[in-house]
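Student: what follows is a predicted protein model with its sequence.
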Amino acid sequence: MKKQLIVLLLVLLTVSAMAFGGGVAEPKTTEVPADIVWVTPDRIGNPNAPITLTYAVDLTYSHQTETASRKEYLTKRMEEWAKAHTDVKLIPQILANNPSERLAKQLEQAATGTIADAVQIDGQFVPLFYRWLQPIDKFYSKEDLADWFDWCLTEAMIDPEDGKLKAVWLLTNTVGLWYDKTAVPTPPQSWDEFIEVGKELQQNGYQYGFLAWGGKNEQISYGSVFPMFFGLGGNLVDENDYPVYGQGENRDKLIEVFKFWERAVREGVTPRRILDINSNGDLVAEAKAKSTAMFLGGSWLMSVLKDNLGDDEMEKWDFANTPQYSADVKMQIPGGYVMGYFTKDPKKLELIVDFMDYVYAGKDGMAGWCSTAGYTPVRNSVFAEYDVFKNDRFQQAFGATLEIARLRPNSSNYNIISEHVQEGWQNVILGTQTPEDAVDTAYQKTLNQIR
Amino acid sequence: MKKRQTSLYRRPLKWLMPMFIMLGLFYTYPLFDVIRLSFTNASILEPSYTYTLRSYSKMFNDPEILDTLATTFIFVSTNIVMQIITGMMIALLIKSGMKRGLFLTEVCRTMVLIAWMIPGVLVGIIWKLILSTSNYGIANYLLELAGLSRIGFLSEPYMALVSTIMVNIWRGIAFSMIMLYAGLQKIPEHLYEAAVVDGANAFQQFFRITLPLMRHIVFITLVLITIYTFNQFDMIMSLTGGGPGRSTEVLTLTAYKQMFKFFDMGTSSAISVLLLVLNLSIAVIYNRFILGKNSGDNQ
């Protein structure tokens, strides 16, 4: 009996040790192995290093990505940094692919203290993490910070509560109007022009006047509704984070946006089937098939369009602001990611900030990463000093459109609002609700949810 | 040897303990934790919570969730009926084909099974490519070749629900077919031979011999199909995401939305408990109507 119990206990102990990572203790030296591979999929740096840092990024921002150019750039920069810091090794973590799921997990990890030392966070939601983020002011001079676009600082990087620097914005993107210059010499700036030009295109043989994302996801809010709503001066929430988009003037403004889309569908300029368009490939396929010469799409489509259309055809395409209710209004919604730091160890904090600056956020890092991956930088000096951005007409266009930008509110209720606005907008496109009913129903559902 | 056996039979608990620990840690604890959370107002955004019936009250008073419940019942009931009937038909055809030694019958059986082996996410993506109204949508391309107009398989609410149901039936038929085919193999052949001698036709053989003798396997298949279909998530998420509007949103998607989009753990857990209760209730109903009092009979 005793013997059996001992055997059982030994088995359990062995299983536990295996499961929870027991084993030989790691050597605490900076000795670099002779046959070292500096960057492996699950480690960067000296495997014997006494300091271990962890960081979590999206797969496409990681050196584990399948995209050769990104992998090459990241591996090279990481290796350079690791060779200069033989006392450090970094363990990468990959974030969940789905943005909502990712945010939920990050919040859960931050609350339970299990989050990585540095984490890539959606710029819009940084304020939800302020209470856990560590100040990093001492690593950046005033001149450094002044280099970032204003909205990066005010909307996310600096915590308004204590005025401390809590995160660093890495890159940005936006949704605007892609158009074929040979068919549309001057991009439409107002809704009326948008519909008018769309009709002309259809008369000239294009199947659709214009297209946009309409499949059920955040792209509806981010690309097709909120830029226009913000252009009208609408607000989604008040200063107390309470949803107000269905009240008073805000309600009228959202109804105006829905009416524009309802008119576009009713007049046949854009089809109901945009409800089936929800990926980059859907829009690019239509551009390639020449079924449309205008669509609302992300700035990140530049590289996808180039790959699919070829250089000659791409020469014909350009990017402009999203058309607004009036031609004299300009408004874009910037997206993008920040790097937030959670480690409370001062030494680790210094090292991980330095690593992230070297690879992604410093001037060279941002220029290198954004030019490799096709993103838009958020530091003025990068636009001004690096040829790759100075001479790229698309990057210049993205930068110009983002001069007047407004972020989606960093409200804890944003997802609830966005989800219901998406449903309402889809119902308007389907014709199952009037714009007024759609806004009122969406607003009521939002209030029911937050109660 | 005998001593060891006696020891094992006398004190089985210690040998079963590892299994109980694993089941307790990874199955029972999460289940009870979900039930516990359903009686709270827990949110991912706030570490503190209180015990309340708010989540259940919200669930039963929210017209949105009740709409989803209706969509779920349409989705599940259509799937169950179609999967059982079609699965049975294919199983009978394959059995008949095998009996006659028909060429490629086994290949057909394997082909049907492949659909079941493909992960749900991939099934959704594959069918999205087929049903898309974009230029690369294969189904619409074929319709246009035939001189017909395009159909918004995924962009019209009614068609999107029909498409989602059809895709799930396509995927699920293989499972019911293989289960029912296994059941058919166990029916003694001499019963059919006797029935033929007595002049019974094919329908009479099916309803008087096949179906009664397959009650148990039909019951198990029904229970499993019901659970799989109620819990269907990945395929719908990748095919329609619950849209357009909320036309293809089933309870699992609502639970996911409440948790990962609205951060409402309480309501999400309450919906999960509702799903559990629905699955258990339907299993009890099946048990009563299919197996009846003589549940110990046959097979």
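Tutor: Structure received.

Student: lowest average confidence, helix or strand, in the chain?
Tutor: Chain wasn't specified; assuming chain A. helix A:2-19 (a mean of 57; mean pLDDT, DSSP states H and E).

Student: any chance of the backbone angles for A:Gly297?
Tutor: Main-chain dihedrals, A:Gly297, degrees, to the nearest 10: phi -150, psi 170.

Student: show me where the stretch 51-200 of chain A has its strands.
Tutor: In the stretch 51-200 of chain A, the strands defined using DSSP state E, counting those that start in this stretch lie at A:51-57, A:88-94, A:118-122, A:167-180.

Student: to the chain's geometric centre, what's the distance from the next helix or strand after the least confident helix or strand of chain A?
Tutor: Following helix A:2-19 in sequence order, the next helix or strand is strand A:39-40 (DSSP states H and E). Relative to its chain's centre, strand A:39-40 lies at 26 Å (C-alpha atoms, centre = their mean, to the nearest Å).

Student: quick one: strands adjacent to strand A:39-40?
Tutor: strand A:43-45 (antiparallel) (DSSP bridges).

Student: got a list of contacts for the strand it pairs with?
Tutor: Residues from elsewhere that reach strand A:43-45 (C-beta atoms under 8 Å, 6 or more residues apart in numbering or on different chains): A:38, A:63, A:78-79, A:81-82, A:85-86, A:88-92. Where you see a C-beta, it was placed from the backbone N, CA and C, and this is true even at glycine.

Student: quick one: buried ones out of those residues?
Tutor: A:Trp38, A:His63, A:Met78, A:Glu79, A:Trp81, A:Ala82, A:His85, A:Thr86, A:Val88, A:Lys89, A:Leu90, A:Pro92 (16 or more other C-beta atoms under 10 Å in any protein chain shown).

Student: so the fifth one versus chain B, what's the distance?
Tutor: Using C-beta to the nearest C-beta, to the nearest Å, one obtains 34 Å as the distance from A:Trp81 to chain B.

Student: so that residue sits against A:Asp357, correct?
Tutor: No: using C-beta atoms under 8 Å, A:Trp81 is not in contact with A:Asp357; the gap is 9.6 Å.

Student: for chain B, what spans make up the strands?
Tutor: For chain B, applying DSSP state E gives no strands.

Student: for it, what lies in contact range of chain A?
Tutor: B:14, B:17-18, B:44-45, B:47, B:58, B:62, B:64, B:132-136, B:150, B:152, B:154-157, B:240-246, B:257, B:259-264 (C-beta under 8 Å from any C-beta of the partner chain).

Student: from those residues, list just the buried residues.
Tutor: B:44-45, B:58, B:62, B:64, B:132-134, B:152, B:154-157, B:240-246, B:257, B:259-264.

Student: nearest residue to A:Gly233 other than its sequence neighbours?
Tutor: A:Lys253 (6.8 Å; C-beta to C-beta, 6 or more residues apart in numbering or on different chains).

Student: how many neighbours does the residue of chain A found nearest chain B have?
Tutor: Here chain A gets closest to chain B at one residue, A:Lys216, 3.2 Å apart by C-beta to the nearest C-beta. Neighbour count of A:Lys216, defined by other C-beta atoms under 10 Å in any protein chain shown: 24.

Student: residues in the stretch 101-250 of chain A within reach of chain B, list them.
Tutor: Going by C-beta under 8 Å from any C-beta, the residues of the stretch 101-250 of chain A near chain B are A:Glu101, A:Leu103, A:Ala104, A:Leu107, A:Glu108, A:Ala111, A:Leu128, A:Gly214, A:Gly215, A:Lys216, A:Asn217.

Student: low-confidence stretches in the chain?
Tutor: I'll assume chain A. A:1-29 (pLDDT under 70).

Student: the intended chain is chain B.
Tutor: If you take pLDDT under 70 as the line, chain B has these spans: B:1-8, B:292-299.

Student: what residue in it comes nearest to chain A?
Tutor: For chain B, C-beta to the nearest C-beta, closest residue to chain A: B:Gly243, 3.2 Å.

Student: just checking, what packs against the helix ranked longest in chain B?
Tutor: The helix that spans the most residues within chain B, counting by DSSP state H, is helix B:63-100. Helix B:63-100 is packed against helix B:54-61, helix B:105-117, helix B:157-185, helix B:215-230, helix B:251-256, with contacts defined by 3 or more C-beta pairs under 8 Å, 6 or more residues apart in numbering or on different chains; DSSP states H and E.
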